[in-house]
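Asker: Kindly generate the corresponding structure for this input.
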Amino acid sequence: MASMVHEDGRGGATENSEPQGPGRGTVRWGPQHAGAQELANLYSPGKRLQEWISVVLCFSLMAFNFIHLLANFHLGHSWSILLAIVAGILTADFASGMVHWGADTWGSVDLPIFGKAFIRPFREHHIDPTAITRHDFIETNGDNCMLTLLPLANMAFNFLSLSPAEIYHNYPWYCYLFALAIFVTLTNQIHKWSHTYFGLPRWVVFLQDCQIILPRKHHRIHHVSPHETYFCITTGWLNYPLEKLGFWRYLEDLIQGVTGEKPRADDLKWAKKVK
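Answerer: Numbering: from 1, shown residues only. From the prediction side, this is the model:
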């Protein structure tokens, strides 16, 4: 199996990895895979508009809330702020695992609206893992930005409507929410970096090497078929303990026992697609 990683001309890494089925010449994964091409073509102008709106609103709300967090900062909150930030990061990592596991394992691209808009990228990613490195900032981060809009908007409303005493009392909670929102928003960007092997800024590589964000080698474990473990993709801190607990296997057995649905059935269907 020949495999070569190179830059795609925009700072991302692509991989020429086209294993052949025995005697059939069928591409099993990568950008030439029939399923990957079909899934990529389902990316619509309406989806693009949703992503643009989400990114603009999200970063506008982040800037507004950050300014108000700075304006209301007190040294007496130092330790609670630190704990709130760590808790926010851990929550984001766990949330990334739950969403990633849910979209990888259940559902179908054929579901109305939700399937093409949100499950499609997960199916594409498993049969063309480096497609994400060819996505621009908007496509990479649009959906995650949308997820954080309500909590960020609620925080902004509180800063405008609550008294200084109430803001002081709730300040550690706002720091937790803000850290959670930042790391949820950046999860797919961090995920993209974990698939990018050339052209990364040194500070990104430093954060990966220090395991502050998802390291590249760490994420490779998830991409061993059938993609059934190491779902947390923000920092990856929770992957090992959740695997040791058998957390994902327990949930899958529970859901399969109740519904009769097999985990990753739709994912496997797309992986086998040849035309």
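
Asker: ok, which stretches of this protein are helices?
Answerer: 34-40, 45-71, 78-105, 114, 120-127, 137-147, 149-161, 164-194, 202-209, 216-220, 239-245, 247-259, 265-271 (DSSP state H).

Asker: Against Leu90, how distant is the residue nearest to the spatial centre of the chain?
Answerer: For the chain, Asn188 is the residue whose C-alpha lies nearest the centre (C-alpha atoms, centre = their mean; 3.6 Å). Going from Asn188 to Leu90 by C-beta to C-beta, to the nearest Å gives 18 Å. In this view, the C-beta of every residue, glycine as well, is placed from N, C-alpha and C.

Asker: can you check Glu228 too?
Answerer: Glu228 is 23 Å from Leu90, by C-beta to C-beta.

Asker: and if you look at Arg264?
Answerer: 26 Å.

Asker: got it, and Cys58?
Answerer: Computed as C-beta to C-beta, the Cys58 to Leu90 distance reads 21 Å.

Asker: Between these two, which is the more surrounded one?
Answerer: Each of Cys58 and Leu90 has its neighbours counted (other C-beta atoms under 10 Å); Cys58 has more, 23 against 18.

Asker: what's the pLDDT at the closest residue to the more buried one other than its chain neighbours?
Answerer: In this structure, Cys58 finds its nearest non-sequential neighbour in Cys145, 3.6 Å apart by C-beta to C-beta, 6 or more residues apart in numbering. pLDDT recorded at Cys145 is 97.

Asker: so Cys145 sits right up against Ser60, yeah?
Answerer: No: look at Cys145 against Ser60 with C-beta atoms under 8 Å: they stay out of range, at 10.4 Å.

Asker: mind showing which ranges of the stretch 1-150 of the chain have poor pLDDT?
Answerer: 1-43 (pLDDT under 70).
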